[in-house]
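[1] sequence below, structure please.
(one chain, ligands or ions: 2)
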Amino acid sequence: MSDNLFEILEARFPSGPDAIAFELEDGSTISYDEMNARAAQMANLMVSLGTETGDRVAVQVEKSTESVMLYLACLRAGLIYLPLNFAYTVAEVDYFLGDATPAIVVCDPERQVDIKVKAAAAGAKVVLTLDENGQGSLVDQAASHSDSFNTVPRAADDIAAILYTSGTTGRSKGAMLTHDNLSSNALTLERIWQWREGDVLLHALPIFHVHGLFVALHCIFLVGGKSIFLSKFDADKVMDNLPRSTVLTGVPTFYTRLLANPDFGKEHCKNMRLFMAGSAPLLEETFNEFSKRTGHTILERYGMTETGMTCSNPYDGDRIAGLVGPEMPDTVGRVADDDGNELPDGEIGVLEVKGRNIFKGYWQMPEKTEAEFREDGYFITGDMAKREPNGYIRIVGRSKDLIISGGFNVYPKEIEACLDNHDAVLESAVVAKPDTDFGEVAIAYVVRTSESASEEDLRAYAREQLANFKVPKEVIFLDELPRNTMGKVQKNQLREWAAER
Ligand code: MCA
Ligand code: AMP
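    Ligands and ions are numbered 1, 2, ... in the order given. Okay, the predicted model is just below:
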């Protein structure tokens, strides 16, 4: 066996008609054998199209089991999987294609005309389609291929996936995740969260990010369990399916939305053994209210695209509201000053982490990679933290200018650059506003050159160019932006005003 992540997962796949990998919303099921066979067909198809080991496969599709098979097919064929948020506009996708130069692009049929132009310009060999029902040329063409495939051996350090994360300034960076990064993190999570035979995962996250794709799916695959596979989070559907589930992995918005329904309670959770939250801070009041209503303490963990999961509250032992737990077994962490020196417990600094799970670097950006690692190998997360006396980490903020809205990252710079391009805008500043549903949302303060553009005009303008979750929820006009004596925009002031709204 090589270090190919697929081989590690496949060794755990149960076989036979009763070994169900997925149950869909219409009640239909897909067995592990079927998933495996269809992934093999896709792997054969991609090889027949002339791909070579290490080629990228860029995928911007709606959630479907076929897209999971495509991910597995890429791993098997030694291709690098590159998932993209379905909300990205064609202009946003264009950048990723140009940067990653994929050999194959898989997109929604409705977008293929636009994407084909961009893919060709980026040198892609072929564009295939896949829709939300799992239909399209990918599946049609794969059907005529053999359903067995000899998995391409991969070394621990070979890249399995590239996930783009936006930078605080400038261009998005492709985080290169190796087979060993992903498998070591998955095996640790399987152990510490005590995943077990018979687990039923209620899967309601998107599968273009670490949380829904790697954390959730790798763990359930490692124990050969079933996923109840929802196309997206819907509180009613989650409540309908919870009684048959044992594990839910979600962002904090999942939990606030469940709690918002007065009917939600203990009876929905009768078979549940684990509610996990991450990707954004879980408020203490959500943790407490959830525990009061259901008797379950949500297990909060912390991670990043570049690092996978690094801190986790314990499965057995105290799960503490507001804390993300100690470092996981494979990770060492330190709360450090600006020079990387570890600070005493209780002092606030930047969290730095090191371990097998930490990514290999940013795709074709050696300087950016170097800038985010210390000489002794620690990765600088950009999250402000302090260590509590019990050893647990408390995330207290971010040194990076980042808004996390419903678990999606929104970079103010990107929205400001977009708004500033509008003819009626002189300048803009985007900050987070606290939000009961999404945790925080982006809002924009704008100075206009003329009053010809309204709030709705500017939001419509942003919507044309940016993924919908990045469109500022409010646009507030000012005569001028507040600046300090150095002329720097005082975002703290704007954040205060935003919080008061
Ligand atoms: C949707 N909208 C949002 C968001 N989602 N606005 C701000 N923030 C959001 N997250 C907007 C849409 O633009 C739209 O606006 C309107 O809300 C309704 O859209 P819809 O798609 O129906 O939204 P929803 O179904 O209610 O989605 C909310 C959601 C979803 C369920 C919370 O955002 C979600 O699944 N988030 C999970 C993200 C995730 O997986 N993060 C993990 C990243 P309009 O009508 O104006 O167009 S991995 C990570 O962070 C690290 C590694 C980690 O630690 O896990
Ligand atoms: P991403 O770049 O999408 O991988 O998002 C990673 C970021 O999400 C981290 O750097 C944190 O800022 C944030 N994050 C993830 N989990 C948590 C958590 N449990 N509490 C607070 N912030 C979190």
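
[2] quick one: contacts for Glu92?
    Applying Cβ atoms under 8 Å, 6 or more residues apart in numbering to Glu92 gives the contacts Gln465, Leu466, Ala467. (Each C-beta comes from the backbone N, C-alpha and C, glycine too.)

[3] ok, and the most crowded of those?
    Neighbour counts for these peak at Leu466, which has 22 neighbours (criterion: other Cβ atoms under 10 Å).

[4] might one say that that residue is in contact with Glu414?
    Yes: assessed by Cβ atoms under 8 Å, Leu466 is found in contact with Glu414 at 7.0 Å.

[5] now the stretch 51-200 of the chain against ligand 2: closest residue?
    Nearest residue of the stretch 51-200 of the chain to ligand 2, counting by Cβ to the nearest ligand atom: Thr165, 4.5 Å away.

[6] that residue contacts Arg171, correct?
    No: if you go by Cβ under 8 Å, Thr165 and Arg171 don't touch, sitting 10.8 Å apart.

[7] who's more crowded, these two?
    Between Thr165 and Arg171, counting by other Cβ under 10 Å, Thr165 is the more crowded of the two (18 against 14).

[8] quick one: contacts for the more buried one?
    Ser172, Lys173, Ala175, Met304, Thr305, Glu306, Asn409.

[9] how about Leu79?
    Per Cβ under 8 Å, 6+ apart, neighbours of Leu79: Met46, Thr51, Thr53, Gly54, Asp55, Arg56, Val57, Ala73, Ala103, Ile104.

[10] so the first one is in contact with Val59, correct?
    What that stands for is Met46. No: judged on Cβ under 8 Å, Met46 makes no contact with Val59 at a distance of 11.6 Å.

[11] those two: which has the busier surroundings?
    Remark: of Met46 and Val59, Met46 carries more neighbours, 30 against 24, as counted by other Cβ under 10 Å.

[12] once you drop chain neighbours, what's closest to that one?
    In space, and not counting its chain neighbours, Met46 is closest to Ala77: 5.4 Å by Cβ to Cβ, 6 or more residues apart in numbering.

[13] give me the residue from the protein nearest ligand 1.
    Gly406 (2.5 Å).

[14] just confirm yes or no for stretch 311-328 near ligand 1.
    No: using Cβ under 6 Å from any ligand atom, stretch 311-328 never reaches ligand 1; the gap is at least 9.6 Å.

[15] again but with stretch 271-280, I slipped
    Yes: Stretch 271-280 comes into contact with ligand 1 (Cβ under 6 Å from any ligand atom), by way of Gly278, Ser279.

[16] related to what we said a few turns ago, now the buried members of the contacts of Leu79.
    Met46, Thr51, Asp55, Arg56, Val57, Ala73, Ala103, Ile104 (16 or more other Cβ atoms under 10 Å).

[17] as CSV, these with secondary structure, distance to ligand 1 and pLDDT would be great.
    Listed next are those as CSV, based on DSSP: H, G, I helix; E, B strand; the rest coil; distance: Cβ to the nearest ligand atom, whole Å; pLDDT from 0 to 100:
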residue, secondary structure, distance to ligand 1, pLDDT
Met46, helix, 26, 98
Thr51, coil, 27, 98
Asp55, coil, 25, 98
Arg56, strand, 20, 98
Val57, strand, 20, 99
Ala73, helix, 22, 99
Ala103, coil, 26, 98
Ile104, strand, 24, 98
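
[18] coming back round to it: for the residue of the stretch 51-200 of the chain closest to ligand 2, grab phi and psi.
    phi -130, psi 140 (degrees, to the nearest 10).

[19] and the pLDDT at it?
    Confidence at Thr165, expressed as pLDDT, is 92.

[20] what's the closest non-adjacent residue to it?
    Spatial nearest neighbour of Thr165, excluding adjacent residues (Cβ to Cβ, 6+ apart): Thr305 at 4.7 Å.
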